[in-house]
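Q: Quick check, what structure comes out for this input:
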Amino acid sequence: MTIIKLPEPIKRGGMPLYETLTNRKSCRKIATQDLSMEELSNILWCAYGYNREGRRTAPSSHNSQEFDLYVAIEKGTYLYNPEDHSLELKFDEDLRAWCGLQDFVASAPLTIIFVANRDKIKGKDERGVTETIYVDTGFISQNIYLYCASESLANVVRAMIDKEALSKKLHLSDNQEITLAHTIGRFPPRE
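A: Numbering: from 1, shown residues only. Modelled structure (predicted):
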C-alpha cells in the first residue's frame, strides 16, 4: 500500500474574506500544469481536514462526517486520510477522464470526487439522507472555492459525471454515493 504523507497545511494568512468572496468564481479553462504538494495539502485540509479535536473544516449533520474524498491526479487515484493528512493510493492509473463528461476534466491536474457513505447518517428517512449529503457536499465544495479564490487557482464543481461508471471504476459499495466532483488547477496563460 502506497501512502503519501502530505506537508503540513498552511493555516494562517491568505486573502481577507471579503476579497476572497469577491474573487470566488467557477472556471472551466484550466491549465495542465501540476499543482505543488503544498497546494494539494492545503486544498485537502481546507476541504475536509481536521481543524480541532474530532471536527472538520466543513460541517456535517450531527457530525456524521460521512464523506470520503478521492483524489484523481495523473499519477493515480488516492483516498484522502484526514486523520494523518495523507493520501493512500487506491488505483495506480490516471482516472481523471472518468471524473467528468467535459473535455477539460481529463487534462486538469486535480479532481476531487466527493463520496458519501449513506450509512453514516442516522435518524433520517431516505429523503433526509439525500438532502444531508448534498448540503454537506456544498460545505466541502465551498471551502475549496474559498481556498482557490484566496490563492488564485482555477476551479469548478461539477455534476456532469457518469456516476455509475465512476462508482464501478472506484469499486464503491452500494452504500457509497458520488455526489459531485471538484476540478482544480491553474488559470491558463493569457493569450
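
Q: and residue 115, what is it in contact with?
A: 67, 68, 69, 70, 170, 172, 176, 177, 178, 179 (Cβ atoms under 8 Å, 6 or more residues apart in numbering). The C-beta positions use only the backbone N, C-alpha and C, and glycine is treated the same way.

Q: Spell out the secondary structure type for it.
A: Secondary structure state of residue 115, per DSSP: H, G, I helix; E, B strand; the rest coil, is strand.

Q: Show me what it is bridged to.
A: Going by DSSP bridges, residue 115 is paired in beta bridges with residue 68, residue 178.

Q: one step back: just the buried ones among the contacts of residue 115, please.
A: The neighbour-count test (16 or more other Cβ atoms under 10 Å) marks 67, 68, 69, 70, 170, 172, 176, 177, 178, 179 as buried among those.

Q: re the thing from before, between the contacts of residue 115, which is nearest residue 140?
A: Relative to residue 140, the closest of those is residue 67; by Cβ to Cβ it sits at 6.5 Å.

Q: wait, doesn't that closest one sit right on residue 134?
A: No. Counting by Cβ atoms under 8 Å, residue 67 stays clear of residue 134, with 11.4 Å between them.

Q: Might you list the low-confidence residue ranges for the chain?
A: The chain contains residues with pLDDT under 70 at 191.

Q: now do 80
A: 1, 54, 190-191 (pLDDT under 80).

Q: Can you show me the strands along it?
A: Remark: strands assigned in the chain by DSSP state E are 3-5, 50-52, 55-56, 67-73, 76-81, 86-91, 110-117, 154-158, 176-185.

Q: Would you mind measuring from the closest residue to residue 34 other than its chain neighbours to residue 72?
A: Once flanking residues are discounted, residue 34 sits nearest to residue 109: 4.9 Å by Cβ to Cβ, 6 or more residues apart in numbering. Residue 109 is 10 Å from residue 72, where distance means Cβ to Cβ, to the nearest Å.

Q: who has more neighbours, those two?
A: A direct count of neighbours by other Cβ atoms under 10 Å for residue 109 and residue 72 places residue 72 higher, at 30 against 20.

Q: Which residue comes closest to that one once chain neighbours are left out?
A: The nearest residue in space to residue 72 (Cβ to Cβ, 6+ apart) is residue 111, at 4.5 Å.

Q: Residue 165: which of the strands of the chain is closest?
A: Closest of the strands of the chain to residue 165 is strand 176-185, at 10.1 Å (criterion: Cβ to Cβ).

Q: CA-only coordinates of that closest one in CSV, if you can.
A: Output of strand 176-185 as CSV, limited to C-alpha atoms (Å, rounded to 0.1, in the frame of the first residue of the first chain):
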residue,chain,number,x,y,z
GLN,A,176,-21.5,4.9,-1.1
GLU,A,177,-22.6,7.6,-3.4
ILE,A,178,-20.7,10.0,-5.6
THR,A,179,-22.4,13.4,-5.2
LEU,A,180,-20.2,15.9,-7.2
ALA,A,181,-16.6,16.4,-8.3
HIS,A,182,-14.4,19.5,-8.0
THR,A,183,-11.7,20.1,-10.6
ILE,A,184,-8.8,22.4,-9.7
GLY,A,185,-5.7,23.8,-11.4
